[in-house]
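>>> Sequence and predicted model, in that order:
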Amino acid sequence: MVPVKRPEDLRSHQWYGTEGLRSFSHRARTRQLGYLPEEHLGKPVVAILNTWSDINPCHVHLRDRAQAVKRGVWQAGGFPLEFPVSTLSETFQKPTPMLYRNLLAMETEELLRSYPVDGAVLMGGCDKTTPALLMGAASVDLPTVFVPAGPMLPGHWRDEVLGSGTDMWKYWDDRRAGLIGDCEMTELESGLARSPGHCMTMGTASTLTAAAEALGVTVPGASSIPAVDSGHDRMAAAAGIRIVELVRRDRKLSDILTADAFTDAVTTVLGIGGSTNAVIHLIAMAGRAGVTLTLDDFDRIARTVPVLANVRPGGRKHLMEDFHFAGGLPGFLSRITDLLHLDRPTVSHDSLREQLAGARVHDDDVIRTRENPVAAEGGVAVLRGNLCPDGAVIKHIAAEPHLLKHTGPAVVFDDYRTMQRTIDDPSLGITADSVLVLRGSGPKGGPGMPEYGMLPIPGHLLKQGVRDMVRISDARMSGTSYGACVLHVAPESHVGGPLALVRGGDRITLDVGARSLHLHVDDAELERRRAAWTPPPVRYERGYGALYNDQITQADTGCDFAFLARPGKVPDPYAG
Ligand code: FES
Ligand code: MG
């Protein structure tokens, strides 16, 4: 028999149900909100944290979708309260929403802690919103369900099916190469993103919502449901029903977010050919859950899991809607059960094994069989070497194979704006063999590690048909991007990492097979260069940017704030 919480055991009882002035005042104010006592007293209070905003096309449907969550909560006997939280719109927020991931995590944590909340439903999906919400919630550790925003519908242009992000980069390069003109670009503007929902490639959004489902914090099959499908409403209602049950059974987020769950999430991210951004976010999320996850875990697991999701940009062809109808994440997971920890609980089942019973794949081209994978090994490799002592990553399955072992002379850009201004300058002498190096784009230098990592190919090379080159930076790369881009170089150049010491013409060797990135400059010369190096000026002298600069950790440890990542006690508001 599962123990069921009594009303007086609920956290919210401290606000509503005790003797004394405080509870009287809270009840009076709830009458002011228009609720009868029997509508809420003794019921689990469910906070619905909604990242809806007019500026976020990936979440524009969530305002409406929250109503379905509320429907589920009411029906199950709970009391839903919606909390608007800040939105992180990958498209619009500058210099990068990554600068604000930890701010949303803080907001999530403090809202859940300071209000009368028994359980939480988190609504997000556009890139950083998923890790931010889950990081904050993990630090509070209430029963929690995540409602993924869902992918937008596939893009269309003339006879082409378009992937958001991925095809934007592709056609922009075609335009720079003179292959298409303004007229085509205007048509593309209306075809690339044609409905609410997050990017429908296997970009950062789809990767992170899949990771959330693999962790076990969504209802089964939730992550790939197209945002505008009526199944998305039903999923949201199911999440509302589920959270009330979780509160009653006192199944906390920490019961779900175990070390095994994170291992399975890493396996999933690698097996779907997911975004490199997931490396940073999963390390940060695990940190909040008290689980140690390292870059080496990613590399080790990558060698055990094949890429089965044939979804762009890692896969060749399909988009998230195809993945959904091919069986979605349950179908994918059903193909790798031998690699998963099946005895761990999820928000919907006592074990993942139970949850996956009956899951199957309906299209072997979209979700490949183990005998016919998209790639034999997971899509992300972790590199080490004198250029990245604390590691770097590359999504090698999205790179041209001939570049995976390559030596070439460096062409160095100190910052993104200079690179943008000069990349097409013929006097730089860039050839297809050059190694493009961008620095000043890391956690502190960017700041926020903007997605600059897919440096543009110089125009004269594009015209010659060159579409990939080795590129190295301390930046991140959009999950919808592709190419032989070495990312997340740590330590970053801004704090004096070896990337700061590279000079034009230095030879660099990338060898993905050997997992190495080597700068062919001897240690004595590097020491001379280091002695002559001066740290860049502080970018933010005040405000959130200054806090960020003080507290941000490097990419290999997840870019959390040091004061948020560390363990320690936080008093309950009613414990004073
Ligand atoms: Fe929101 Fe791509 S812009 S997920
Ligand atoms: Mg993105």
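It's in. Ligands and ions are numbered 1, 2, ... in the order given.
>>> So what does residue 49 look like in phi/psi?
With angles defined as degrees, to the nearest 10, residue 49 sits at phi -90, psi 110.
>>> ok, now which ones touch it?
83, 85, 108, 111, 112, 120, 121, 122, 123, 133 (Cβ atoms under 8 Å, 6 or more residues apart in numbering). Where you see a C-beta, it was placed from the backbone N, CA and C, and this is true even at glycine.
>>> Show the model's pLDDT score for it.
Note on residue 49: pLDDT of 98.
>>> any idea how far it is from ligand 1?
With the distance defined as Cβ to the nearest ligand atom, to the nearest Å, residue 49 ends up 17 Å from ligand 1.
>>> Any idea what that residue is bridged to?
residue 83, residue 122 (DSSP bridges).
>>> Look up how far ligand 2 lies from it.
The span separating residue 49 from ligand 2 equals 21 Å under the rule Cβ to the ion, to the nearest Å.
>>> do the same with residue 462
For residue 462, the distance to ligand 2 equals 23 Å [Cβ to the ion].
>>> With residue 499 instead?
According to Cβ to the ion, residue 499 and ligand 2 sit 23 Å apart.
>>> how many other residues sit next to the nearest residue to that residue once chain neighbours are set aside?
Excluding its sequence neighbours, the residue lying closest to residue 499 (Cβ to Cβ, 6 or more residues apart in numbering) is residue 493, at 4.2 Å. Per other Cβ atoms under 10 Å, the neighbour tally for residue 493 reads 27.
>>> which residues sit in contact with residue 493?
439, 440, 442, 445, 474, 499, 500.
>>> Surely the first one is in contact with residue 414?
Yes - at 6.1 Å, residue 439 and residue 414 qualify as touching, with contact defined as Cβ atoms under 8 Å.
>>> I'd like the distance from the lengthiest strand in the chain to the chain centre, please.
Using DSSP state E to define each element, the chain has its longest strand at strand 405-413. Its chain's average C-alpha position is 29 Å from that of strand 405-413, according to Cα atoms, centre = their mean, to the nearest Å.
>>> mind checking how far the closest residue to ligand 2 within the stretch 451-576 of the chain is from residue 374?
Across the stretch 451-576 of the chain, the shortest distance to ligand 2 (Cβ to the ion) belongs to residue 478, at 4.1 Å. Taking Cβ to Cβ, to the nearest Å as the measure, residue 478 falls 20 Å from residue 374.
>>> More neighbours: those two, which one.
residue 478 (25 against 21).
>>> Which residues of the protein lie near ligand 2?
Proximity of the chain to ligand 2 (Cβ under 5 Å from the ion) is limited to residues 90, 127, 203, 204, 478.
>>> Does the first one touch residue 125 like I think?
No - shown here, residue 90 and residue 125 do not form a contact pair, counting by Cβ under 8 Å, at 10.2 Å.
>>> More neighbours: the two, which one.
Neighbour comparison, residue 90 and residue 125: the larger count goes to residue 125, with 28 against 25 (by other Cβ under 10 Å).
>>> Might one say that the more buried one is in contact with residue 207?
No - counting by Cβ under 8 Å, residue 125 sits too far from residue 207 to count as a contact (10.9 Å).
>>> Overlap in contacts, the two.
Joint contacts of residue 125 and residue 207 (Cβ under 8 Å, 6+ apart) do not exist.
>>> and whichever residue of the stretch 401-550 of the chain sits closest to ligand 1, what are its phi and psi?
Closest to ligand 1 within the stretch 401-550 of the chain is residue 480: 6.9 Å, counting by Cβ to the nearest ligand atom. Dihedral pair for residue 480: phi -90, psi 0, per degrees, to the nearest 10.
>>> list the contacts for it?
Counted by Cβ under 8 Å, 6+ apart, residue 480 has contacts 163, 164, 165, 166, 168, 169, 199, 201, 203, 204, 275, 313.
>>> Quick check: buried residues in stretch 78-96?
78-83, 85, 87-91, 93, 95-96 (16 or more other Cβ atoms under 10 Å).
>>> no, scratch that, I was asking about stretch 231-251
Using 16+ other Cβ under 10 Å as the test for burial, stretch 231-251 gives 232-233, 235-248, 250-251.
>>> Please state the offset of that stretch from the chain centre?
Stretch 231-251 sits 23 Å away from the centroid of its parent chain (Cα atoms, centre = their mean).
>>> returning to that earlier point: find the residues that touch each one of residue 90 and residue 125.
Residues touching both residue 90 and residue 125 (Cβ under 8 Å, 6+ apart) are 58, 205.
>>> Quick check: which element contains the residue in the stretch 201-350 of the chain positioned nearest to ligand 1?
Here the stretch 201-350 of the chain gets closest to ligand 1 at one residue, residue 205, 3.5 Å apart by Cβ to the nearest ligand atom. In this structure, residue 205 is located in helix 204-215 according to DSSP states H and E.
>>> Excluding residues flanking it in the chain, which one is nearest residue 301?
Residue 301 sits nearest to residue 266 (Cβ to Cβ, 6+ apart), 5.0 Å away.
>>> check contacts around residue 410.
Residue 410 neighbours (Cβ under 8 Å, 6+ apart): 434, 435, 436, 437, 502, 503, 504, 505, 506, 507, 508.
>>> what is it paired to in the beta sheet?
Beta-bridge partners, per DSSP bridges, of residue 410: residue 435.
>>> Distance-wise, check it relative to residue 455.
For residue 410, the distance to residue 455 equals 12 Å [Cβ to Cβ].
>>> any common contacting residues for these two?
Joint contacts of residue 410 and residue 455 (Cβ under 8 Å, 6+ apart) are residue 436.
>>> Break this protein down into its structural domains.
1-42, 43-153+195-356, 157-191, 381-532 (the TED database).
>>> ok, and the most crowded of the contacts of residue 49?
residue 133 (32 neighbours).
>>> who are the neighbours in contact with that one?
Residues near residue 133 by Cβ under 8 Å, 6+ apart: 49, 51, 85, 104, 105, 108, 122, 123, 124, 146.
>>> Go ahead and confirm residue 30 touches residue 38.
No - assessed by Cβ under 8 Å, residue 30 is found out of contact with residue 38, at 11.7 Å.
>>> And those two? Which one has more around it.
Set side by side, residue 30 and residue 38 show more neighbours around residue 30, with 20 against 8, by other Cβ under 10 Å.
>>> The more buried one: which element?
Taking DSSP H and E as the definition, residue 30 sits inside helix 21-32.
>>> residues in the stretch 1-150 of the chain within reach of ligand 1, list them.
58, 90, 91, 126, 127 (Cβ under 6 Å from any ligand atom).
>>> farthest-separated two in these?
91 and 127 (9.7 Å; Cβ to Cβ).
>>> got the contact list for the residue lying closest to residue 555 once chain neighbours are set aside?
Nearest residue to residue 555, sequence neighbours excluded (Cβ to Cβ, 6+ apart): residue 488, at 4.0 Å. Applying Cβ under 8 Å, 6+ apart to residue 488 gives the contacts 276, 279, 280, 391, 392, 393, 449, 474, 475, 476, 555, 556.
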